[in-house]
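Trainee: Need coordinates for the below:
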Amino acid sequence: MLLTLFFSFLLIFLGIILITYILSVIGLWGMFQKTDRPGWHALIPIYNTYILCIITGVSPWWLALSIISGLVAGLVPILSILASVISIYFGVLLAVSVARSFGKEDIYAIGIYFLPFIFYMIIGLGDSKYLGARPMDDIVFHHFSSENMYCSSCGAKVDLQAKYCPKCGKEL
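Mentor: This next block holds a predicted model:
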């Protein structure tokens, strides 16, 4: 009886994980296609986060640091607090940068952080346009941040401080 209950719970838990993964892939697929990247990049778990870093201007070193700190925390439990801080900061940094890069307000990043499988689908399947890399200010790897963004209308490279596209004149 107890074993049946355990396996039922495990099956439900794995089903929820599978559903959230599939929804995330669908949303990321659409987001990647909006950036002229192949949608299949969304299928590979760590690689899709790396691609998100690239398209939003977030340093991929945060992904590496997050993974390494998680592994080290497993070996040295006292470092688990530091690993948690690193992971939370990276998650917020990436969520805000994704929101900005797709023309959403910073408040939208709260949804991306807590329910990415829903908010990625809204961006990927909705009418959001990729505006180029618009990263949140990074206190550690700030040198990686892109100095340019791209016009959503004509695709021209535009300075981050510009209000209008120099090629087509569209307001940014």
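Trainee: Low-confidence regions, the protein specifically.
Mentor: The model of the chain has pLDDT under 70 over residues 142-158, 160-161, 172.
Trainee: check contacts around residue 84.
Mentor: Contact analysis of residue 84 by CB atoms under 8 Å, 6 or more residues apart in numbering lists residue 73. From N, CA and C alone the C-beta is placed, and that goes for glycine too.
Trainee: check which helix or strand covers it.
Mentor: If you go by DSSP states H and E, residue 84 is part of helix 80-101.
Trainee: now that helix, how far from the centre of its chain.
Mentor: Distance of helix 80-101 from the chain centroid (CA atoms, centre = their mean, to the nearest Å) equals 9 Å.
Trainee: which element follows that helix toward the C-terminus?
Mentor: Following helix 80-101 toward the C-terminus (DSSP H and E): helix 108-114.
Trainee: what's the following helix or strand after that next one?
Mentor: helix 116-125.
Trainee: From the chain's centroid, how far away is that following helix?
Mentor: In this view, helix 116-125 has its centroid 11 Å away from the chain centroid, taken as CA atoms, centre = their mean.
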